[in-house]
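Student: Here's my sequence, what's the structure:
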Amino acid sequence: MSRLAFRPAVAFAVVLLAALLGLFMVALPDAPWQLGPFVRYEQNPILEPRGETWEAKDIFNPSVWTDGETIWMLYRAEDTTGRGAWNGTSRIGLATSRDGLHFQREPEPVLEPSEEWEIPGGVEDPRMVKVGDAFYLTYTAYDGKTARLALATSKDLHHWKKHGLVFPERGWTKAGAILATPINGKYWMYFGDEDIRAATSTDLIHWTVIEKPVLHRRAGTDKFDSRLVEPGPPPLLTEAGILLLYNGANSQNVYASGQALFDRNDPTKLIARTDAPFFEPATEQEIEGQVPNVVFIEGLVQFQQQWFLYYGMADSGIGVAVYTPGGEDAR
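Tutor: Just a heads-up that it's a prediction; the model follows:
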């Protein structure tokens, strides 16, 4: 057993918000409002490229969900040949774990490029939530020139129905992170990869954009998020507000992670944000890779009284870091 053995959590509660929908409100410690600290698993990466197949080149940027007994992970994988002259077409694979650290992969991808807006680049960067009995997946469709946000649904995580582009009237769009709990009768999504905007929906399929950004990159500064901000995992509804963990990049193209808090009753109203990253490249696998100096968070789940944060390591492998509420050290 790794030194990441599970321990009883202290001073932490999860409050049932809507039992019929299976939705939860997260209770965070009184101070600070952020989630963490997260400690890296000493045996990262937990998943790496393999073989000469659809995941031979690189795997990264995972999304996760749990039923309390198993963690289900969707992850992005690149091949080495691509379509035609394209090197590295992306597909989405599925893996499962009973301890959050060791994963078993399905042999074939569960989502492949099939539409004109997905070829030759592929389907990238999954983010999923479960509402009722259905999973809602946002992902990036990349035709080699323009990245566009797309959406698919599933009842079992293996078979997916594509619903096309989320914002067909817009050009470049990425990174849709959906809040699974409706606010004032609407579902909310944060999206974007320069500044972050919000969109609303009543059915989780059709979305209306609120044009004014809700989280700006801090341009003209030396902050970790001066060049861009992009949503990470799906946001959490907490006692303090809506907590969004996000990815930021600075002028040197170093990717690190921040946290932002929005009003519970007005998801466009920013209450607070971290001034410094809570997670940044530190290990050799995060500093050297397909895209160097990158930790890119997309998966977050509470599992057996701990929080597991899954991320891409330099766009080359998948790592995990763990927060144990009340614990001195998660290693």
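Student: Let's see the pLDDT reported for Thr221.
Tutor: At Thr221, the model reports a pLDDT of 89.
Student: now Trp65, which residues is it bridged with?
Tutor: Trp72 (DSSP bridges).
Student: wait, it sits on Val301?
Tutor: Yes: here Trp65 reaches Val301: they are 6.7 Å apart, a contact under Cβ atoms under 8 Å. No exception for glycine: its C-beta is placed from N, CA and C like everyone else's.
Student: Tell me the buried residues in stretch 147-164?
Tutor: Neighbour counts over stretch 147-164 (16 or more other Cβ atoms under 10 Å) mark Ala147, Arg148, Leu149, Ala150, Leu151, Ala152, Thr153, Ser154, Leu157, Trp160, Lys162 as buried.
Student: go on, stretch 253-262?
Tutor: Buried-residue list, stretch 253-262, by 16+ other Cβ under 10 Å: Val254, Tyr255, Ala256, Ser257, Gly258, Gln259, Ala260, Leu261, Phe262.
Student: Save the residues you listed as a markdown table, and put in distance to Asp225 too.
Tutor: Putting these into a markdown table (distance: Cβ to Cβ, whole Å) gives the following:
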| residue | distance to Asp225 |
| --- | --- |
| Val254 | 10 |
| Tyr255 | 10 |
| Ala256 | 8 |
| Ser257 | 9 |
| Gly258 | 6 |
| Gln259 | 11 |
| Ala260 | 10 |
| Leu261 | 15 |
| Phe262 | 16 |
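Student: Out of the residues you listed, the closest to Ile210 would be?
Tutor: Distance to Ile210 across the buried residues of stretch 253-262 (Cβ to Cβ) is lowest for Phe262, with 12.3 Å.
Student: Against Pro168, how distant is the closest one?
Tutor: 27 Å (Cβ to Cβ, to the nearest Å).
Student: Which of the three states applies to Glu286?
Tutor: helix (DSSP: H, G, I helix; E, B strand; the rest coil).
Student: got any ranges where this structure has weak pLDDT?
Tutor: 1-31, 82-87, 327-331 (pLDDT under 70).
Student: ok so, going back, mind checking which of the buried residues of stretch 253-262 land in strands?
Tutor: Judged by DSSP state E, the subset of the buried residues of stretch 253-262 located in strands is Tyr255, Ala256, Ser257, Gly258, Gln259, Ala260, Leu261, Phe262.
Student: quick one, what contacts the second one?
Tutor: Listed by Cβ atoms under 8 Å, 6 or more residues apart in numbering, the contact set of Ala256 reads Phe224, Asp225, Asn247, Gly248, Ala249, Asn250, Pro277, Phe279, Glu280, Pro281, Val295.
Student: would CSV of those with secondary structure, distance to Met189 and neighbour count be doable?
Tutor: Shown next, in CSV, are the contacts of Ala256 (DSSP: H, G, I helix; E, B strand; the rest coil; distance: Cβ to Cβ, whole Å; neighbours: other Cβ atoms under 10 Å):
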residue, secondary structure, distance to Met189, neighbour count
Phe224, coil, 24, 23
Asp225, coil, 20, 28
Asn247, strand, 16, 27
Gly248, strand, 19, 25
Ala249, strand, 21, 22
Asn250, coil, 26, 20
Pro277, coil, 24, 20
Phe279, strand, 23, 23
Glu280, coil, 26, 17
Pro281, coil, 28, 21
Val295, strand, 23, 26
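Student: Distance to Asp195 added to those residues, as a markdown table?
Tutor: Listed next are the contacts of Ala256 as a markdown table, based on distance: Cβ to Cβ, whole Å:
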| residue | distance to Asp195 |
| --- | --- |
| Phe224 | 15 |
| Asp225 | 10 |
| Asn247 | 13 |
| Gly248 | 11 |
| Ala249 | 13 |
| Asn250 | 15 |
| Pro277 | 18 |
| Phe279 | 21 |
| Glu280 | 21 |
| Pro281 | 23 |
| Val295 | 21 |
